[in-house]
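Enquirer: What would the 3D arrangement of this be:
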Amino acid sequence: QVQLVESGGGSVQAGGSLRLSCAATGHTNTIYGVGWLFQAPGKEREHKAGISWYGGYTYYVDSVKGRFTISRDILKNTVYLQMNSLQPEDTGVYFCGADTTGRGIARGEYDYLGQGTRVTVSS
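Expert: Modelled structure (predicted):
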């Protein structure tokens, strides 16, 4: 079992930045990769970025390339998402997920999800 807790969400004006954190506990030695998913109000959850736990390889969907940066600190069992140039369409709930099956960081499929942290970007 892996438990994930997100933090760092909040309200920001368009053009601003936020850094989200995802702290993993439990059987972290079973993690292959961690990613961030986004759910806008009334929309489906969608994959935004992923990082391999040990190699540090990263994946981004086109809509966040150049604006978001995913990173991890293995010693702290924490994954971060630095979000810059935020726009109102980035408003929603951000979830982190852990892949303990080895599907690959681009698949966006995770075995565990956190509760999410809310981001609001005002124009």
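Enquirer: what sits opposite the residue most central in space within the chain in the beta ladder?
Expert: The centre of the chain sits closest to residue 36, judged by CA atoms, centre = their mean, with a distance of 2.3 Å. In this structure, residue 36 bridges to residue 49, residue 96 when assessed by DSSP bridges.
Enquirer: what's the spacing between residue 60 and residue 35?
Expert: Taking CB to CB, to the nearest Å as the measure, residue 60 and residue 35 are separated by 10 Å. Where you see a C-beta, it was placed from the backbone N, CA and C, and this is true even at glycine.
Enquirer: same deal with residue 14?
Expert: 25 Å.
Enquirer: who touches residue 49 in this structure?
Expert: Taking CB atoms under 8 Å, 6 or more residues apart in numbering, we find residue 49 in contact with 35-36, 58-61, 64, 68, 70, 81.
Enquirer: Now flag whichever of those residues is closest to residue 44.
Expert: Sorting the contacts of residue 49 by how near they are to residue 44, with CB to CB, puts residue 61 at the top with 13.6 Å.
Enquirer: tell me the phi and psi of that closest one?
Expert: For residue 61, the backbone dihedrals (degrees, to the nearest 10) come out as phi -80, psi 160.
Enquirer: Excluding sequence neighbours, find me the nearest residue to it.
Expert: The spatially closest residue to residue 61, leaving aside those adjacent along the chain, is residue 48, at 5.7 Å (CB to CB, 6 or more residues apart in numbering).
Enquirer: what about that neighbour, neighbour count?
Expert: Neighbourhood size, residue 48 [other CB atoms under 10 Å]: 22.
Enquirer: just checking, it touches residue 20?
Expert: No: Residue 48 lies out of contact with residue 20 (CB atoms under 8 Å); the separation is 10.5 Å.
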